[in-house]
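Asker: Below is the sequence, then the predicted model.
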There are 2 protein chains.
Amino acid sequence: MTKPDWIAIDWGTTHLRVWGMTASGTIVDQAKSDRGMGSLSRDEFEGALHDLVGDWGCTGPMIACGMVGSRQGWVEAPYATAPCPALPDGLTRAPSATMDVRVIPGIKQMQPADVMRGEETQIAGFLSLNPKWDGVICLPGTHTKWVHISADEVVSFQTFMTGEMFALLSGQSVLQHSIGNGWDDAAFATAVSEAISKPEALAARLFNLRANELVNGQCRDAARARLSGLLIGAELAAARPYWLGQSVAVVGAGPLAKIYTTALTAQGVPVTQTDGDRATLAGLTAAYRRLKATS
Amino acid sequence: MTKPDWIAIDWGTTHLRVWGMTASGTIVDQAKSDRGMGSLSRDEFEGALHDLVGDWGCTGPMIACGMVGSRQGWVEAPYATAPCPALPDGLTRAPSATMDVRVIPGIKQMQPADVMRGEETQIAGFLSLNPKWDGVICLPGTHTKWVHISADEVVSFQTFMTGEMFALLSGQSVLQHSIGNGWDDAAFATAVSEAISKPEALAARLFNLRANELVNGQCRDAARARLSGLLIGAELAAARPYWLGQSVAVVGAGPLAKIYTTALTAQGVPVTQTDGDRATLAGLTAAYRRLKATS
């Protein structure tokens, strides 16, 4: 087996993923575990990483992004302040006697206050795949980010808790009894449209999902799609300054990226979609190349 | 000890409260437990009630309101359909060989679909305490209800999940790390005002509570008040057709009723406040009197 020249690490709250890479950017190995930042105390990070890559024989650097660099992570990689390049200068070295791990800093914005950690690497990756690109990037997730890019810099960004709200409301609120596991495209589209055109009514529409099942026997799959559509529609209403009259790059994968693309397209927004993992790996690769070029 | 002539029962999802009453409406005994509907299977209701009132020696009827009458309760008391009197005709008898328990029906609304169970009794109680009253009643709670009353009837109503949203966001979302236990009146007032004037921005403001602590060290007590203000402000924006140009009766108690009163007063709405327990007991008493008058 080819020994990797360096290792790419995506280390979020709930997951740890690693790729063994050649200097030219070929993947020669990969692994993952559920030992995310949220489940580790500070002295457990080194072991969790060693368990995955210890036998890969890599003597080069390891480049990490994500919550591993938060205050509760392995080592705090202080935020850069927007406006700034997606990949700011300065990686933070994690405390390890056996491994050379460098953590990419997150980005903060002072007014309105906002933060990102991990997405900056996906943005850098997207920009390395699409040089000279200007416009708006949407990164759907538990905390969806809208990011305005100009001249290779993160100009401003805004975070929406839409994914977390959906999980809480569908899984833990009274609505859980009325929400199925299926989907209904038409119910989603209608709900997005309603929420965008009258976002102030959101608070009045949520309990209606429960009552509609009790009173009218509303289908639970449609209720799931409708809840998602109401929340994403409310997000689009609030994020309008980002996407109105713009072309939007959705960076992500799976059903979530698809429904954001669907919702934006229905608003007449031109959307391109880029796989989130591909963007992450391209961003970590860009950080590796910069490290090699400057060391 | 005076034997009660009848027993008043408030049986919700999380609590069971009972009062021993004389025919003339004096409380001679009371008790409560945490054996709410949510923790009981159908054959456990009789025992849970007997544990509280079994030794009171009451041979008269027991009048119950709340989730005890839901499909998952002791016996389903089918919804009356609005518009209808707050206390519709017809109590549903619970299956018991030893106790005469009658359950007050909830009220449903077909379009937009909505339901209430328990609040109808508080409304009936409020109306028995305030005869000939027309206007809007707000019942703050986990699921706050806004109710339009005219000519002694529930004309229409709307439920807001504001209380449940606050509990989920402050206790279980990423915001929990930034939310303290204290309070800040000014932060609450500002947030209500912001949310009412620009409700479409709600989705963008929530994560800001987290980021503001990380970036600016925002006070956690202020964050708690601000989250509450944003959610109640969004509710008030959506409930505007109920309160605009109306006088509002807030039926409830404690800090929650107080902050609704504060928020409405700041909008120039004349508010009267009635204790929720007093309204519940008055409603159960009205149901008892009607039962005696017709049997």
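Answerer: In hand now; what should we look at? Just so it is clear, the model here is predicted, and its values are computed rather than measured. Numbers count the residues shown, from 1 in each chain, chains lettered A, B, ... in the order given.

Asker: Just list what the helix or strand hosting A:I232 packs against, helices and strands only.
Answerer: Assigned by DSSP states H and E, A:I232 belongs to helix A:220-238. Applying 3 or more C-beta pairs under 8 Å, 6 or more residues apart in numbering or on different chains; DSSP states H and E, one finds that helix A:220-238 contacts helix A:162-172, helix A:185-197, helix A:202-216, helix A:254-266, helix B:202-216. C-beta here means a position set from N, CA and C on the backbone, and glycine is covered the same way.

Asker: make it 6 Å
Answerer: helix A:162-172, helix A:185-197, helix A:202-216, helix B:202-216 (3 or more C-beta pairs under 6 Å, 6 or more residues apart in numbering or on different chains; DSSP states H and E).

Asker: ok, and what's touching it?
Answerer: Helix A:220-238 is contacted from outside by A:160, A:162, A:165-166, A:170, A:178-180, A:182-184, A:187-188, A:191-192, A:195-196, A:199, A:202, A:205, A:209, A:263, B:200-201, B:203-204, using C-beta atoms under 6 Å, 6 or more residues apart in numbering or on different chains.

Asker: Give the next helix or strand downstream of it.
Answerer: Defined by DSSP H and E, the subsequent element after helix A:220-238 is helix A:240-243.

Asker: Establish whether that following helix and chain B are in contact.
Answerer: No. With C-beta under 6 Å from any C-beta of the partner chain as the criterion, chain B is not reached by helix A:240-243; the gap is at least 8.3 Å.

Asker: for that helix, which positions count as buried?
Answerer: Judged by neighbour count (16 or more other C-beta atoms under 10 Å in any protein chain shown), helix A:240-243 contains these buried residues: A:242-243.

Asker: in its sheet, what does the helix or strand that that helix is followed by sit against?
Answerer: Downstream of helix A:240-243, the next assigned helix or strand under DSSP H and E is strand A:248-251. Here strand A:248-251 is paired, per DSSP bridges, with strand A:135-139 (parallel), strand A:271-274 (parallel).

Asker: Kindly report the residues of the stretch 51-200 of chain A close to chain B.
Answerer: So the stretch 51-200 of chain A meets chain B at A:108, A:112-115, A:158-161, A:164, A:168, A:173, A:199-200 (C-beta under 6 Å from any C-beta).

Asker: about what we covered before: buried subset of the contacts of helix A:220-238?
Answerer: Taking 16+ other C-beta under 10 Å as the criterion, what is buried in those is A:160, A:162, A:165-166, A:170, A:178-179, A:184, A:187-188, A:191-192, A:195-196, A:199, A:202, A:205, A:209, A:263, B:200-201, B:203-204.

Asker: give me phi/psi at A:R117?
Answerer: Dihedral pair for A:R117: phi -150, psi 110, per degrees, to the nearest 10.

Asker: surely A:V75 meets A:A94?
Answerer: Yes. Contact status for A:V75 versus A:A94: in contact at 4.5 Å, counting by C-beta atoms under 6 Å.

Asker: So those two - more neighbours on which side?
Answerer: Between A:V75 and A:A94, A:A94 has the larger neighbour count (other C-beta atoms under 10 Å in any protein chain shown), namely 22 against 19.

Asker: isn't the more buried one right up against A:A77?
Answerer: No. Checked against C-beta under 6 Å, the pair A:A94 and A:A77 is beyond contact range at 8.9 Å.

Asker: and A:T14, how many residues sit next to it?
Answerer: 12.

Asker: In three-state terms, label it for me.
Answerer: Under DSSP: H, G, I helix; E, B strand; the rest coil, A:T14 falls in the coil class.

Asker: Could you pull up the residues touching whichever residue of the stretch 1-150 of chain A sits closest to chain B?
Answerer: Chain B sits closest to A:A113 of the stretch 1-150 of chain A, with a gap of 4.1 Å, by C-beta to the nearest C-beta. Listed by C-beta under 6 Å, 6+ apart, the contact set of A:A113 reads B:208, B:211-212, B:215-216.

Asker: is it true that A:W146 lies in a strand?
Answerer: Yes. Judged by three-state DSSP, A:W146 forms part of a strand.

Asker: thinking it is in contact with A:R240, fair?
Answerer: No. The pair A:W146 / A:R240 is not scored as a contact, 10.1 Å apart, by C-beta under 6 Å.

Asker: can you pull the pLDDT of the nearest residue to A:R290 once chain neighbours are set aside?
Answerer: Closest residue to A:R290 apart from its sequence neighbours, by C-beta to C-beta, 6 or more residues apart in numbering or on different chains: A:L87 at 6.8 Å. pLDDT for A:L87: 93.

Asker: Show me the domain layout of chain A.
Answerer: Listed by automatic domain parsing, the domain ranges of chain A are A:6-117, A:160-274.

Asker: So what does A:S156 have for phi and psi?
Answerer: The phi/psi pair for A:S156 (degrees, to the nearest 10) is phi -160, psi 160.

Asker: Who are the packing partners of the helix or strand containing A:L127?
Answerer: For A:L127, the host element (DSSP H and E) is helix A:119-129. For helix A:119-129, the packing partners by 3+ C-beta pairs under 6 Å, 6+ apart come out as helix A:276-294.
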